[in-house]
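# Test case, fold it:
(one chain, ligands or ions: 1)
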Amino acid sequence: MTRSFSNPMQHPDWIDPHSRAWYEQLAGEYGEYAYPWKSEFEEPRAEDTFGQLLAASIGENSRLLDVGCGHGDFLHRWAIKAKEAVGIDIVDAFIATANRRKPQQSYRFIAVNANEGLPFEDDYFDVVCSKKGPWLFRENNREGRRVIKPGGTVLHLMHGGTDGGLRALFPDLYTPVPAFDTNRSLQHIANHLELPGSGLSDIEIRIIEETEYLSRPVDVLIKKYFGQSRRLREQVWRERLKDIEEIFHKHVTSRGLKVTNLYYIVTGRAPA
Ligand SMILES: C[S@@+](CC[C@H](N)C(=O)[O-])C[C@H]1O[C@@H](n2cnc3c(N)ncnc32)[C@H](O)[C@@H]1O
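Residues are numbered from 1 along each chain as shown. From the prediction side, this is the model:
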């Protein structure tokens, strides 16, 4: 049998996280994009901070677009007062879940590949947001700028990785990365999202370090193998869980194994 854990990313069954196949695998297994590991958080959570920013930018007459909406729960929770909220996602099974759960007629969830043009009129939305989904304001992609109204609000939440000691404890699972550096990180985000060519004004990047406590040893593996096939997971659990348990119990706190999740919230305004 192939030992899978010396480098999980080189296992033949490994599916690249955030590829279409990976999202399809998740949608097929759970029908939603939700983290299956057990953990607790210190408040505030990055996603709640992002939700509050979104809610504060929506009025009764606002039309909102959520790009890469997954199964739609985020809109259900934070966009309730919008006049119209539209979620788009490339994965049909996520959209099916979102439509099954949608709380009111002013919500629409549509299967769309956001990189291939958007089925909306020009200047339609007051707010365009994306929580960990595609970014539509690149220099050579005009779709975001086309569908947002002049002066409209753009909100984007990006996950920037997890560490807080996790990578040092499990270097064969979570590849070590250089220590976090604010300036390098801000530069990386600006380049990655092509912010100088985005056409947006009033751009702000907030860095959020969120503390999470993984509840059980198996959660270290569930987090790493999120979105992988059941077959690969079962193999790794068999091979690896015992070692993980030992390290976990040595370092666990009363709340669980402490890890830090890094997030970036990017906000901006469409040209007036
Ligand atoms: C990290 S998940 C986040 C889902 C949801 N926003 C959430 O926070 O729970 C990214 C989402 O973007 C969707 N996505 C990725 N590429 C896309 C594309 N080109 N067009 C539309 N949706 C896409 C994925 O299917 C997935 O649902």
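# going forward, measure contacts between C-alpha atoms and count neighbours the same way
Will do.
# mind showing which ranges of the stretch 1-150 of the chain have poor pLDDT?
Counting by pLDDT under 70, the stretch 1-150 of the chain contains low-confidence residues at 1-6.
# Which residues of it lie near the ligand?
23, 33, 68-70, 88-91, 112-115, 131-134 (C-alpha under 6 Å from any ligand atom).
# Any of these buried? List them.
Buried subset of these (neighbour count, 16 or more other C-alpha atoms under 10 Å): 23, 33, 68-70, 88-91, 112, 114, 131-134.
# Among the residues of the stretch 1-150 of the chain next to the ligand, which ones are in helices?
Within those, residues falling in helices by DSSP state H are residue 23.
# Pull out the buried residues from the lengthiest strand in the chain.
As assigned by DSSP state E, the longest strand anywhere in the chain is strand 148-163. For strand 148-163, burial by neighbour count (16+ other C-alpha under 10 Å) applies to 148-160, 162-163.
# So which residue is dead centre in the protein?
Centroid check for the chain by C-alpha atoms, centre = their mean gives residue 132 as the closest residue, at 3.0 Å.
# wait, that one sits on residue 160?
No - at 9.9 Å, residue 132 and residue 160 do not qualify as touching, with contact defined as C-alpha atoms under 8 Å.
# just checking, residue 165 touches residue 259?
Yes - under the criterion of C-alpha under 8 Å, residue 165 makes contact with residue 259 at 6.5 Å.
# So which residues of the stretch 1-150 of the chain form helices?
For the stretch 1-150 of the chain, the helices defined by DSSP state H, counting those that start in this stretch occupy 20-30, 46-56, 73-78, 92-101, 143-147.
# So for residue 204, which of these sits nearest?
helix 46-56 (12.6 Å; C-alpha to C-alpha).
# gap between the closest one and the chain center?
14 Å (C-alpha atoms, centre = their mean, to the nearest Å).
# and it with strand 148-163, angle?
170 degrees (axes from the mean of the first three to the mean of the last three C-alpha atoms, to 10 degrees).
# Next, the buried residues of helix 46-56.
For helix 46-56, by 16+ other C-alpha under 10 Å, it's 46-47, 50-51, 54-55.
# now do stretch 71-86
In stretch 71-86, counting by 16+ other C-alpha under 10 Å, buried: 71-76, 78-80, 82, 84-86.
# ok, now stretch 158-177?
158-160, 162-164, 166-167, 169-170, 173-174.
# Quick one: those residues as JSON lines, columns for distance to the ligand and pLDDT too.
Formatted as JSON lines, the buried residues of stretch 158-177 follow (distance: C-alpha to the nearest ligand atom, whole Å; pLDDT from 0 to 100):
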{"residue": "158", "distance to the ligand": "9", "pLDDT": "97"}
{"residue": "159", "distance to the ligand": "8", "pLDDT": "96"}
{"residue": "160", "distance to the ligand": "12", "pLDDT": "93"}
{"residue": "162", "distance to the ligand": "14", "pLDDT": "93"}
{"residue": "163", "distance to the ligand": "18", "pLDDT": "94"}
{"residue": "164", "distance to the ligand": "21", "pLDDT": "92"}
{"residue": "166", "distance to the ligand": "21", "pLDDT": "94"}
{"residue": "167", "distance to the ligand": "21", "pLDDT": "93"}
{"residue": "169", "distance to the ligand": "25", "pLDDT": "95"}
{"residue": "170", "distance to the ligand": "23", "pLDDT": "94"}
{"residue": "173", "distance to the ligand": "20", "pLDDT": "89"}
{"residue": "174", "distance to the ligand": "18", "pLDDT": "89"}
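# which of these sit farthest apart?
Going by C-alpha to C-alpha, the pair spanning those furthest: 158 and 169, at 24.6 Å.
# Identify the residues contacting the residue nearest to the centre of the chain.
68, 156-159 (C-alpha atoms under 8 Å, 6 or more residues apart in numbering).
# Let's see that with 6 Å instead.
The contact partners of residue 132, by C-alpha atoms under 6 Å, 6 or more residues apart in numbering, come to 157-158.
# now it: how far from residue 231?
The gap separating residue 132 from residue 231 is 27 Å, by C-alpha to C-alpha, to the nearest Å.
# related to what we said a few turns ago, mind listing what the longest strand of the chain pairs with, with the direction of each?
Counting by DSSP bridges, the strands paired with strand 148-163 are strand 125-131 (parallel), strand 257-269 (antiparallel).
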